[in-house]
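Trainee: With the input below, show me the fold.
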Amino acid sequence: MRKKKYESLRTELEKMNFIQAVSATSYPPGNNIFNDMAFYMEGGSMDNAILNRLNSIDAGYMEMLGIKLIAGRPFTTNRAADSKGNLIINRTSAKKFGIEPEKMIGQKLYFDWQGKNYPFQVVGVAEDYNQTSLKDPIIPIVFQIPENANEYGYLIASVNSSGLSEAVSSIEEVWKSQVADAPFEYTFLDDNIQKQYLEDQRVSKIITYFTAIAIIICSLGLYGLSSFMAERRLKEIGVRKVMGASVMQIMGMMSREFVKLVLLAFVIAAPLAWYAMNQWLQAFEYKVPLDVSIFTFAGLGAIAIALLTVSYESLKAASADPARTLRNE
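Mentor: Residues are numbered from 1 along each chain as shown. Okay, here's the model as predicted:
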């Protein structure tokens, strides 16, 4: 797409009431940036160049996506130089060069290609953001306004959610009238980002299903065991009731055995669960520390489920008539 055609397309889209802003980029959030460029500072060489990912953007891209500048100025369409050698880098890129963001403004960066030396000037430093999944570290990124709009791979439009379907249809009509040589395809930015975590969501669902199945199986086993133990201890329960034991005391006596078993299982399972969760978190560049409260609540939950499961048989055994029980024995 030539620059004039892009400008014409953007102008037509911005006339629509339900479109708040229009911009363009080579790699929108959620997409890996595959364009690598090694830059070195004035006085340096390719031997000490820093590898950056290059993303070609429109002047309004950062404002539209809420990417904040921490130093310098944004790109503007009024400055011809912005499309002929001016760059905005992110905070991570400035760190790689070993210079504070404020001091990067005005610095010259150089790129060698096919024996030629190409100079660029840093006019702004943007705050870091996650281009892809939170599992990935933030990469050094360099932004430029390309001279040729062909470098744009994606047109981005900020649309009012109330008129979404109408907006898509209208955008498609304008696209077909302005860009007849390319098919109209679209996606939503939040869906694009959500795709980064599909595997984690699938794993989460599988774990949830198997956890539910495990709880049901364990509860059935506990119920059967409590029924068996209550049957075996009917005489003991009868004697205790004759000696003055209350229903709550007998229920506590029977439940205590199961609580011990649950606590033993928890002591064995907790370290294994901690190790598995810690290994899973290692896949994320940004992760929360494992809190002991997670395991505390899990243990209390397991005890509560066990007590609820055995309570029926315990109550039935504790409420039985001791005279009938002892006579049968």
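Trainee: Could you report the distance from the residue lying closest to Gly163 once chain neighbours are set aside to Ala157?
Mentor: Spatially, and ignoring its direct neighbours in sequence, Gly163 is nearest to Phe18 (4.0 Å; C-beta to C-beta, 6 or more residues apart in numbering). (C-beta placed from N, C-alpha, C; glycine too.) The gap separating Phe18 from Ala157 is 9 Å, by C-beta to C-beta, to the nearest Å.
Trainee: Overlap in contacts, those two.
Mentor: Taking C-beta atoms under 8 Å, 6 or more residues apart in numbering as the criterion, Phe18 and Ala157 both touch Ala167.
Trainee: so where do the strands sit in this structure?
Mentor: For the chain, the strands defined by DSSP state E cover 19-25, 36-41, 50-56, 69-72, 86-90, 108-113, 116-126, 141-144, 154-159.
Trainee: which of the ones you listed is buried the deepest?
Mentor: strand 86-90 (a mean of 26; mean count of other C-beta atoms under 10 Å).
Trainee: Looking at Leu222 now. What's its pLDDT?
Mentor: With respect to pLDDT, Leu222 scores 85.
Trainee: quick one: the most centrally placed residue in the chain and Ala276, what's the gap?
Mentor: Central residue of the chain (C-alpha atoms, centre = their mean): Leu134, 5.5 Å from the mean position. Applying C-beta to C-beta, the value for Leu134 to Ala276 is 19 Å.
Trainee: The residue nearest to Gly163 touches Ala167, doesn't it?
Mentor: Yes: applying C-beta atoms under 8 Å, one finds Phe18 in contact with Ala167, separated by 4.8 Å.
Trainee: Need the overlap of contacts for the two.
Mentor: Val159, Asn160.
Trainee: who has more neighbours, these two?
Mentor: Ala167 (19 against 16; other C-beta atoms under 10 Å).
Trainee: so who does the more buried one touch?
Mentor: Met16, Phe18, Ile19, Ala157, Val159, Asn160.
Trainee: just Ile215 next, same as before
Mentor: Ile215 neighbours (C-beta under 8 Å, 6+ apart): Ile305.
Trainee: Would you mind putting the CA coordinates of stretch 267-282 into PDB?
Mentor: The C-alpha trace of stretch 267-282 is given here as PDB (Å, rounded to 0.1, in the frame of the first residue of the first chain):
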ATOM      1  CA  VAL A 267       1.900 -33.300  54.500                       C
ATOM      2  CA  ILE A 268       2.900 -35.600  51.700                       C
ATOM      3  CA  ALA A 269       1.100 -33.700  48.900                       C
ATOM      4  CA  ALA A 270       1.900 -30.100  49.900                       C
ATOM      5  CA  PRO A 271       5.600 -30.200  49.000                       C
ATOM      6  CA  LEU A 272       4.800 -32.000  45.700                       C
ATOM      7  CA  ALA A 273       2.200 -29.300  44.900                       C
ATOM      8  CA  TRP A 274       4.600 -26.500  45.800                       C
ATOM      9  CA  TYR A 275       7.200 -28.000  43.500                       C
ATOM     10  CA  ALA A 276       4.800 -28.400  40.600                       C
ATOM     11  CA  MET A 277       3.400 -24.900  41.000                       C
ATOM     12  CA  ASN A 278       6.800 -23.400  41.200                       C
ATOM     13  CA  GLN A 279       7.900 -25.200  38.000                       C
ATOM     14  CA  TRP A 280       4.900 -23.900  36.200                       C
ATOM     15  CA  LEU A 281       5.500 -20.300  37.400                       C
ATOM     16  CA  GLN A 282       9.100 -20.500  36.100                       C
END
